[in-house]
Structure formats: structure tokens, C-alpha cells
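In: Let's see this in three dimensions:
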Amino acid sequence: MPEARTPAQIEADIVRRREQLAETLDEIGVRMHPQTIIGDAKARVASAVDQTAGRAFVAVNRLVTDVRDGLRHEDGAPRFERILPVALVAVGVVGLLVASSRRKR
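Out: Purely as a prediction, here's the structure:
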């Protein structure tokens, strides 16, 4: 059989539970405060942007590395048969952009 508690023990238990409840309510109040909710949302968005930017950086870095490796032989010498067409396309694109910008004026 459980031991009978004294009134002092019961009162101490009630006080302890009230304090726990007050702490819980304070914690809920902080979590539900509009500034806390906004701050949490900002943190989630910033994290998502950081992850997206990181993935984009990795993808671009991989693409640049692949292109650079495609323009060189294994010994590091340039592959002119691949560089020349790429350079001509780049010059053509720049020429088209310049011509387009002059036409708009």
C-alpha cells in the first residue's frame, strides 16, 4: 500500500506542479510570440536558400570543371580542335548582344 502523504507533502507537490505549469506556459508563450514565429520562418527560408545556393554552386563548379577538362588533353595541353569552335561561338554571341543593344538605342 502506498504511504499516506502529509498535508505538507501535498502542498509541496502542488507548489512544484504549479511552478512546472508556469514554466510550460512561459515556454509556450515564447514559442507562440509573433517575433519568435517570424524569426523561425526567416531561419528556415535562409537555410533553404543556403542549401539551394550550395547545390547551384556545386553544379556550376562541376560544369566548369567538365568543360575545362574537355578543352584539354590528359597531359594538360590545349585541344585546339575544341577550343576554336567554342571561341567562335562566344564571339558570335557577344557580337549579337552588342548588335542587339545598339539597335535598342
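
In: Need phi/psi at the one residue sitting closest to the centre of the chain.
Out: With distances taken as C-alpha atoms, centre = their mean, Asp50 lies nearest the centre of the chain, 2.4 Å away. Main-chain dihedrals, Asp50, degrees, to the nearest 10: phi -60, psi -40.

In: Where does pLDDT dip in the chain?
Out: 1-2, 105 (pLDDT under 70).

In: Strands of that one, residue ranges please.
Out: Read by DSSP state E, the chain holds no strands at all.

In: follow-up on the earlier one: for the residue nearest to the centre of the chain, which residues are in contact?
Out: Residues near Asp50 by C-beta atoms under 8 Å, 6 or more residues apart in numbering: none. Placement of C-beta: from N, CA and C, glycine included.

In: any idea how far it is from Ala56?
Out: 11 Å (C-beta to C-beta, to the nearest Å).

In: just Asp66 next, same as before
Out: 16 Å.

In: picking that back up, so the residue nearest to the centre of the chain versus Lys104, what's the distance?
Out: For Asp50, the distance to Lys104 - C-beta to C-beta - is 37 Å.

In: What's the local residue count around Arg102?
Out: 8 (other C-beta atoms under 10 Å).

In: now do Arg82
Out: Neighbours of Arg82 (other C-beta under 10 Å): 14.

In: Do a quick rundown of the helices in the chain.
Out: Taking DSSP state H as the criterion, the chain carries its helices at 7-32, 34-70, 80-104.

In: Compute the inter-axis angle for the longest one and helix 80-104.
Out: An angle of 130 degrees separates the directions of helix 34-70 and helix 80-104 when computed by axes from the mean of the first three to the mean of the last three C-alpha atoms, to 10 degrees.

In: How far does helix 34-70 sit from its chain's centre?
Out: 5 Å (C-alpha atoms, centre = their mean, to the nearest Å).
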